[in-house]
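In: give me a model of this one.
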Amino acid sequence: AQTGLQKGHSWRATVAFSALKCGSFASLKSPNEKIGRLFRYSKVGFPFWLESFCRCVFVDIIRHHPTSCGDSFHRFLCWCVPHAAIHPCIKWLPFPILPSKKLPDMLKITTFAIQKTTPKEIQHRMGKIILTGDRPTGKLHLGHYVGSLRRRVQLQNAGDYERMFVFMADVQALTDNADNPEKIRQNMMEVALDYLAAGLNPEKCTLFVQSQIPELAELTTYLMNLITVSRVQRNPTVKTEIKMRNFEANIPLGFFCYPVSQAADIALFKATTVPAGEDQEPMIEQLEVTRELVRRFNQTYGEVLVEPAIMLPENATARRLPGTDGKEKMSKSLGNCIYLSDSAEEVWQKVRSMYTDPTHLNVSDPGHVEGNAVFTYLDAFSTDDDFAEFWPEFKNLDELKAAYTAGGIGDMKCKKLLNNVINKMLEPMRVRRHELEQDIPEIYNILKKGSEAAREVGAATMDEVRKAMRIDYFNDAELIRQQAEKFKAK
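Out: Coordinates of the predicted model:
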């Protein structure tokens, strides 16, 4: 079983655990003893063997202890819900194997166990799934961090969601970099290091690579049949991107179908929530396309996919951080970024040359904070503690703004404060990144394991999709039987 888990062979682990259960459980009489044994096995690994093994234990308990397993159900459900097993548990309650007279009692016990004994915080997060990611076209910068990455780490640690998927959208990055795949290949590791250095934890969220999930391509193909070319053309984001990249009439088909690919990303993992990043407008448009496709699929084939909701940044400043030159967007191509991996010296060089207030020529002149990149960054990153540490003359940013607008505060002092604030925030990331860089093979291993786990989820969704679309030919026993009878009758 351990060998199967280590090598990612879910079927081998499942068979081994099932055999282990059948042998070792034979000597156990009470359901509590069986649950206790299950807890010990559960420490070996997730999620490869989870559902099958839980099914074995669940069936065993309710078959042999139908009237005395209330407490066991409590313990069982409290254990499996945090590992996303509660939905499968409900789905495959083995009522057919129970004597019919015991069904009402079992329904009561199960309902009580779920509604009354499961902790409220676990109930709160059941079924809530987050999916988010980035195109690996370069290192992540402060715009990425304040716009989405910082929030992801907070959401991951809050534990309010049943599962969180964070992926590197290399397939989508290739839609406008098809002639330069090496760019994507090299930046994959840069983004992975930034993720981990910023605090994303592979124990708490699933990190994966888009191209390693072939089910995404399959679902994209099916969803393409449910949307028209004119609908994609009406997408403002597609219009803007085509113009910006000078594609005009020579639009790569992969790039044109970008919204459908994004919809497949979200739908495959049944994400209920998609956080908007630094530039939220495209994401709002994309979510609308995704919801339309999900509704169309469910209306046509049956309720399988989930309509997602968007999560906007709490801080208005976080919605789009300007570049150091004061331009609307921080962009690598414009050379106005502060990267998460920049050294303290590099940060100071960039902060020192930042755009401020062009009318603030002398220290005594009244300054303007609106449109002043230094103060926009301070809005996004500074805290009262930072002022106590670096500029105790002021209690908070509001006091500094008041003094700056009144006159008497130089831009260089404000830049020095910002430099200290940013470097204080980035230093732990630098240290962590340096540690991670010493074992790059392990980073690839993390991404590989995450991709395998994500593919299992995707494969399960595609099983449902094919069944709903009635193209699961080889698993449809009824179809095979009907066809056999049809041709026998000729």
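In: could you use CA atoms for every contact and neighbour count after this?
Out: Fine.
In: all strands for the stretch 201-350 of the chain, in order.
Out: Using DSSP state E, counting those that start in this stretch, the strands assigned to the stretch 201-350 of the chain run over residues 206-209, 273-275, 309-311.
In: for those, which one sits closest to His434?
Out: Comparing the strands of the stretch 201-350 of the chain by their distance to His434 (CA to CA), the top pick is strand 206-209, with 19.8 Å.
In: now the closest one: how far from the chain's centre is it?
Out: Averaged C-alpha coordinates place strand 206-209 at 8 Å from its chain's average position (CA atoms, centre = their mean, to the nearest Å).
In: neighbouring contacts of it?
Out: 163-170, 446-451, 453-454 (CA atoms under 8 Å, 6 or more residues apart in numbering).
In: which two from these end up farthest apart in space?
Out: Greatest spatial distance in those: Arg163 and Asp170, 21.8 Å, computed using CA to CA.
In: give the closest residue to Leu174 in space, chain neighbours not counted.
Out: Setting aside the residues directly before and after it, Leu174 is nearest to Pro181 in space (CA to CA, 6 or more residues apart in numbering), at 6.7 Å.
In: ditto for Tyr258
Out: With CA to CA, 6+ apart as the measure, Gln172 is the residue that lies nearest to Tyr258, at 6.9 Å, once sequence neighbours are left out.
In: where does the protein dip in pLDDT?
Out: Residue ranges of the chain with pLDDT under 70: 1-126, 248-249, 277-283, 313-319.
In: now with 80, please.
Out: By pLDDT under 80, the weakly predicted segments of the chain are 1-127, 235-250, 276-286, 312-320, 328-329, 332-333, 490.
In: just to revisit the earlier point, for the helix or strand that the residue nearest to Tyr258 is a member of, which outside residues touch it?
Out: Element membership for Gln172 (DSSP states H and E) is helix 170-173. For helix 170-173, the external contacting residues (CA under 8 Å, 6+ apart) are 135-137, 184, 188, 209-211, 255, 258, 261.
In: out of these, which end up buried?
Out: Members of those that pass the buried threshold by neighbour count (16 or more other CA atoms under 10 Å) are listed as 135-137, 184, 188, 209-211, 255, 258, 261.
In: rebuild the residues you listed as JSON lines, extending it with distance to Pro358.
Out: Compiled in JSON lines, the buried ones among the contacts of helix 170-173 are given as follows (distance: CA to CA, whole Å):
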{"residue": "Arg135", "distance to Pro358": "35"}
{"residue": "Pro136", "distance to Pro358": "35"}
{"residue": "Thr137", "distance to Pro358": "33"}
{"residue": "Ile184", "distance to Pro358": "38"}
{"residue": "Met188", "distance to Pro358": "39"}
{"residue": "Val209", "distance to Pro358": "44"}
{"residue": "Gln210", "distance to Pro358": "44"}
{"residue": "Ser211", "distance to Pro358": "47"}
{"residue": "Phe255", "distance to Pro358": "40"}
{"residue": "Tyr258", "distance to Pro358": "40"}
{"residue": "Ser261", "distance to Pro358": "44"}
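In: list just the nearest of those to Pro275.
Out: The nearest member of the buried ones among the contacts of helix 170-173 to Pro275, counting by CA to CA, is Arg135 at 15.1 Å.
In: state the distance from the closest residue to the closest one other than its chain neighbours to Gln212.
Out: Counting by CA to CA, 6+ apart, Arg135 lies nearest to Ala169, which is 4.7 Å off, once chain neighbours are set aside. Taken as CA to CA, to the nearest Å, the spacing of Ala169 relative to Gln212 amounts to 10 Å.
In: list the helices and strands the longest helix belonging to the chain packs on?
Out: The helix of greatest length in the chain, counted in residues with DSSP state H as the criterion, is given as helix 440-469. Other elements packing on helix 440-469 under the criterion 3 or more CA pairs under 8 Å, 6 or more residues apart in numbering; DSSP states H and E are helix 181-198, strand 206-209, helix 214-224, helix 258-268.
In: got the contact list for whichever helix or strand comes after it?
Out: Downstream of helix 440-469, the first helix or strand assigned by DSSP H and E is helix 477-488. Outside of helix 477-488, the residues within contact range by CA under 8 Å, 6+ apart are 473-474.
In: pull the CA atoms of helix 477-488 into PDB?
Out: Backbone C-alpha positions of helix 477-488 (Å, rounded to 0.1, in the frame of the first residue of the first chain) are rendered in PDB as follows:
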ATOM      1  CA  ALA A 477     -23.800  -2.000 -19.600                       C
ATOM      2  CA  GLU A 478     -27.400  -1.200 -20.600                       C
ATOM      3  CA  LEU A 479     -26.300   0.200 -24.000                       C
ATOM      4  CA  ILE A 480     -24.200  -2.900 -24.600                       C
ATOM      5  CA  ARG A 481     -27.100  -5.100 -23.700                       C
ATOM      6  CA  GLN A 482     -29.500  -3.300 -25.900                       C
ATOM      7  CA  GLN A 483     -27.200  -3.300 -28.800                       C
ATOM      8  CA  ALA A 484     -26.500  -7.000 -28.400                       C
ATOM      9  CA  GLU A 485     -30.300  -7.800 -28.300                       C
ATOM     10  CA  LYS A 486     -30.900  -5.500 -31.300                       C
ATOM     11  CA  PHE A 487     -28.400  -7.300 -33.500                       C
ATOM     12  CA  LYS A 488     -29.300 -10.700 -32.300                       C
END
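In: check which residues of that helix are buried.
Out: By neighbour count with 16+ other CA under 10 Å, helix 477-488 contains no buried residues.
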